[in-house]
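In: the amino acid sequence is not available; the structure is as follows:
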């Protein structure tokens, strides 16, 4: 087995403390033989505190853990150069980390950040790629409607393997992941800076492997790769992270995580470079749905 503990996180970009549906849910299996514990956090700062404590426990025991998050770790190839002047994912993470500082209020300015990026980084496009905002609000460069994408790709390479996955550019409306991606990257960046010896980012820092990683490997997951059946009275978000932990732990027990975290088939050298330098990948997206993870 590659790991001693597992956790999966359903993230939220909510602008106020909230629990229940569409909030942050964490499912944790703290040891190979332990039971799965599901926790609902009202704010991102609470979830960040949990992750730091979890990593400290794992590192202190000399063990290894795999933790998955349901937001994108990067943007389509070419976007980073326009956004931060570099195709290095680290620069994007540093930028997002500087835009969002979580506290007990859970407030964030994700729509304003998207608006500013459209106006500045993507000013040469007819319409910036970020789109969608709440009804009744107005922005200079953030359109409520989907743009034409005349300067950057709408989707990352991995989303070609998972057609139901939403684009990172969508900031609002059903299934939107743009805000979760911004606030999620910022949160993980804060953890990387505070605990530099604890976290490895898959596949950016590890390659498509579970080898040579720090105590806690952070990866991107997509819960809809699995069939999820909530227990009576169980919130769907909670059921998704619980199911992910169950499947990941079972996959590790039978030695199948190498395929789940392994190099995807069919990528050109150029595509592989883009994935490893700036786009990221969804763990298990290279497998048939029945086998993921």
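Out: On my side now, so go ahead. Keep in mind that what you see is a predicted model, and the values were worked out from it rather than measured.

In: can you give me the helices for this structure?
Out: 44-60, 79-84, 89-99, 110-120, 178-194, 236-253, 257-260, 269-274 (DSSP state H).

In: and residue 15, what is it in contact with?
Out: With contacts defined as Cβ atoms under 8 Å, 6 or more residues apart in numbering, the neighbours of residue 15 are 106-108. For glycine as for every other residue, the C-beta is placed from the backbone atoms N, C-alpha and C.

In: any chance of those residues in CSV, with neighbour count too?
Out: Formatted as CSV, the contacts of residue 15 follow (neighbours: other Cβ atoms under 10 Å):
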residue, neighbour count
106, 22
107, 14
108, 22
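
In: of the residues you listed, which is the nearest to residue 58?
Out: Closest to residue 58 out of the contacts of residue 15 is residue 106 (26.4 Å), distances taken as Cβ to Cβ.

In: the spatially most central residue of the chain and residue 194, how far apart?
Out: Residue closest to the average C-alpha location in the chain (Cα atoms, centre = their mean): residue 71, at 2.7 Å. Using Cβ to Cβ, to the nearest Å, residue 71 is found at 20 Å from residue 194.

In: for residue 34, same thing?
Out: For residue 34, the distance to residue 194 - Cβ to Cβ - is 26 Å.

In: low-confidence ranges in the chain?
Out: The chain contains residues with pLDDT under 70 at 210-212, 287-293.

In: one more time with 90, if that's ok
Out: Low-confidence segments of the chain, defined by pLDDT under 90, are located at 1-2, 123-127, 148, 150-151, 163, 209-213, 255-260, 286-293.

In: I'd say residue 168 and residue 72 touch.
Out: Yes. Here residue 168 reaches residue 72: they are 4.7 Å apart, a contact under Cβ atoms under 8 Å.

In: what is in contact with those two at once?
Out: Common neighbours of residue 168 and residue 72 (Cβ under 8 Å, 6+ apart) are 156, 177, 181.

In: any chance of the helices of the chain in a markdown table, plus mean neighbour count and distance to residue 5?
Out: Output for the helices of the chain, formatted as a markdown table (neighbours: other Cβ atoms under 10 Å; distance: least, Cβ to Cβ, whole Å):
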| stretch | mean neighbour count | distance to residue 5 |
| --- | --- | --- |
| helix 44-60 | 18 | 6 |
| helix 79-84 | 20 | 32 |
| helix 89-99 | 19 | 24 |
| helix 110-120 | 20 | 31 |
| helix 178-194 | 22 | 16 |
| helix 236-253 | 21 | 9 |
| helix 257-260 | 18 | 13 |
| helix 269-274 | 14 | 30 |
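
In: make JSON lines from those helices and add distance to residue 7 to it.
Out: Formatted as JSON lines, the helices of the chain follow (distance: least, Cβ to Cβ, whole Å):
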{"stretch": "helix 44-60", "distance to residue 7": "6"}
{"stretch": "helix 79-84", "distance to residue 7": "28"}
{"stretch": "helix 89-99", "distance to residue 7": "20"}
{"stretch": "helix 110-120", "distance to residue 7": "24"}
{"stretch": "helix 178-194", "distance to residue 7": "13"}
{"stretch": "helix 236-253", "distance to residue 7": "7"}
{"stretch": "helix 257-260", "distance to residue 7": "15"}
{"stretch": "helix 269-274", "distance to residue 7": "28"}
